[in-house]
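**Student:** have a look; sequence and predicted model below, questions after that.
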Amino acid sequence: MNNMFINIKKYNKIVFFTGAGMSAESGVPTYRGSGGIWHNYNWEEFACQDAFDRDSLKVLDFHELRRKSVLGCQPHDGHKFISKLQNSHDKVIVVTQNIDEMHQRAGTDNVIELHGSLWRLRCDNCGIKIENIGESFANRKCKCGNYLRPDITWFGDMLNSQIIQQASDVIQKCDLFISIGTSGIVWPAAGFPNEAKGNGAYCIEINPERTDLSSLYDEVIHCKASEIGKYLIY
């Protein structure tokens, strides 16, 4: 329903759970939808550990193209709304499936990245992680000599269990759970709405269309991610 305003400032602990639909309006390519990355590229060549082991430079070149593409995009009004809310409310956390850091570029802190970040590299030999925002990687090799790999979840990767637990902990403690731009059908993210609802949180879904999980939510708002400020007030 889109005919009512929801005052969200009365809630003590707010979690925004965001997916690809949150970034798509900024121009960030989705993965499997219309115009998605994997319609144009074979993930087996560019987005799995085997591909990286076969040809690290080819995979890193591809991810530099992705970084350049994302840097050409800008946060929209929905990203900015969350950032402004966080400035006036000290218990707002974002749990995102996105790797583009668009939330952070809008000024949002306290972001839990389920699938990592396009702007971070790691060495699986040393365990170090390097933050680097730019079209090109500042370094492609670790001091130990190994190639650094993007610190994101590729096909076939296991999600970081500590990050998943961190997300689960904050979701279980929130009293308002707002899902934006995600179908939420992929586990473990698919279980987050139930975790929130099971612990008494009021749950809102924001998406242009219904999803398979819409029936779980207390309120369903059909709108674009950039339009959330029309319905959520504080």
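**Tutor:** Nice, thanks for sending it over.

**Student:** mind checking how far D100 is from T182?
**Tutor:** 14 Å (Cβ to Cβ, to the nearest Å). All C-beta atoms are positioned from the backbone trio N, CA, C, and that covers glycine.

**Student:** what's the following helix or strand after the longest helix anywhere in the chain?
**Tutor:** Criterion DSSP state H: the longest helix present in the chain is helix 56-71. Using DSSP states H and E, the helix or strand that follows helix 56-71 towards the C-terminus is helix 77-88.

**Student:** the closest residue to G134 other than its chain neighbours: neighbour count?
**Tutor:** Using Cβ to Cβ, 6 or more residues apart in numbering and skipping the chain neighbours, the partner closest in space to G134 is R67 (7.2 Å). R67 is flanked by 20 other residues according to other Cβ atoms under 10 Å.

**Student:** again with the one 5 residues further on
**Tutor:** The number of residues packed around G72, counting by other Cβ under 10 Å, is 11.

**Student:** how about the contacts made by the residue nearest to G134?
**Tutor:** L118, W119, G134, E135, S136 (Cβ atoms under 8 Å, 6 or more residues apart in numbering).

**Student:** of these, buried ones?
**Tutor:** L118, W119 (16 or more other Cβ atoms under 10 Å).

**Student:** dump the contacts of R67 into CSV; add secondary structure, distance to I233 and pLDDT as well.
**Tutor:** Formatted as CSV, the contacts of R67 follow (DSSP: H, G, I helix; E, B strand; the rest coil; distance: Cβ to Cβ, whole Å; pLDDT from 0 to 100):
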residue, secondary structure, distance to I233, pLDDT
L118, strand, 33, 95
W119, strand, 32, 95
G134, coil, 37, 86
E135, coil, 38, 86
S136, coil, 42, 90
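
**Student:** residue ranges of the strands in this structure, please?
**Tutor:** 6-7, 14-18, 92-96, 111-113, 116-122, 129-131, 149-152, 176-180, 202-206, 219-221, 232-233 (DSSP state E).

**Student:** give me the domain ranges for this structure.
**Tutor:** 1-28+75-115+159-234, 42-72+119-152 (automatic domain parsing).

**Student:** deepest-packed of the ones you listed, please.
**Tutor:** Neighbour counts (mean count of other Cβ atoms under 10 Å) averaged over each of the domains of the chain peak at domain 1-28+75-115+159-234, with a mean of 19.

**Student:** what pLDDT, on average, does it get?
**Tutor:** Averaging pLDDT along domain 1-28+75-115+159-234 yields 93.

**Student:** how distant is that domain from the center of its chain?
**Tutor:** Distance, stretch centre to chain centre, for domain 1-28+75-115+159-234: 10 Å (Cα atoms, centre = their mean, to the nearest Å).

**Student:** no further questions, thank you.
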